[in-house]
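**Student:** below is the structure, and that's it, no one-letter string:
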């Protein structure tokens, strides 16, 4: 089973069935798998490079998701990004959350790309009824904060 899907399944098991069907984000306990996925933090450049490493594989089947996992594992090993399994799973979760957030809140691509990647490397992942994601308002605020930084 693909690593992130396994983590996502475990994270969903941390919440009651009543919570699973809410449209609001589901906060997971700090001891959950999400806490482990949130442990590694990444720079915007690392997030962008990770997306570039997998973007040539379009997701159509579970085999494509597994290929993303394999490619991200190779990516983390090549760049010595800590525990390669955890870092790869963290990157994969963040990339899925980025994709979900864009589809729902920025379908026209109006968000500052550099700030988006920086925020994605730092914003905590949460479990939602759609799977792993970012808390939408907090993520938007972080993007705006980073965009306004004078660096």
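**Tutor:** Perfect, thanks for sending it. None of these values were measured; they are calculated from a predicted model.
**Student:** quick one: least confident helix or strand in the protein?
**Tutor:** Lowest by mean pLDDT, DSSP states H and E among the helices and strands of the chain is helix 17-20, with a mean of 37.
**Student:** buried ones in the host helix or strand of residue 47?
**Tutor:** Counting by DSSP states H and E, the element that carries residue 47 is helix 44-54. By neighbour count on 16 or more other Cβ atoms under 10 Å, the buried set for helix 44-54 is 44, 46, 47, 48, 50, 51, 53, 54. Backbone N, C-alpha and C define where each C-beta goes, glycine included.
**Student:** what lies in contact with it?
**Tutor:** Contact with helix 44-54 is made by 42, 67-68, 71-72, 74-75, 79, 81, 91, 94-95, 98, 114-115, 117-118, 120-121, as judged by Cβ atoms under 8 Å, 6 or more residues apart in numbering.
**Student:** buried ones among these?
**Tutor:** Buried among the contacts of helix 44-54 by 16+ other Cβ under 10 Å: 42, 67-68, 71-72, 75, 81, 91, 94-95, 98, 115, 117-118, 120-121.
**Student:** need the worst-confidence member of these.
**Tutor:** Lowest-confidence member of the buried ones among the contacts of helix 44-54: residue 81, scoring 79 (pLDDT).
**Student:** now the nearest residue to that one once chain neighbours are set aside: how far from residue 103?
**Tutor:** Take residue 81 and drop its neighbours on the chain: the residue closest to it by Cβ to Cβ, 6 or more residues apart in numbering is residue 87, 4.2 Å away. According to Cβ to Cβ, to the nearest Å, residue 87 stands 25 Å off from residue 103.
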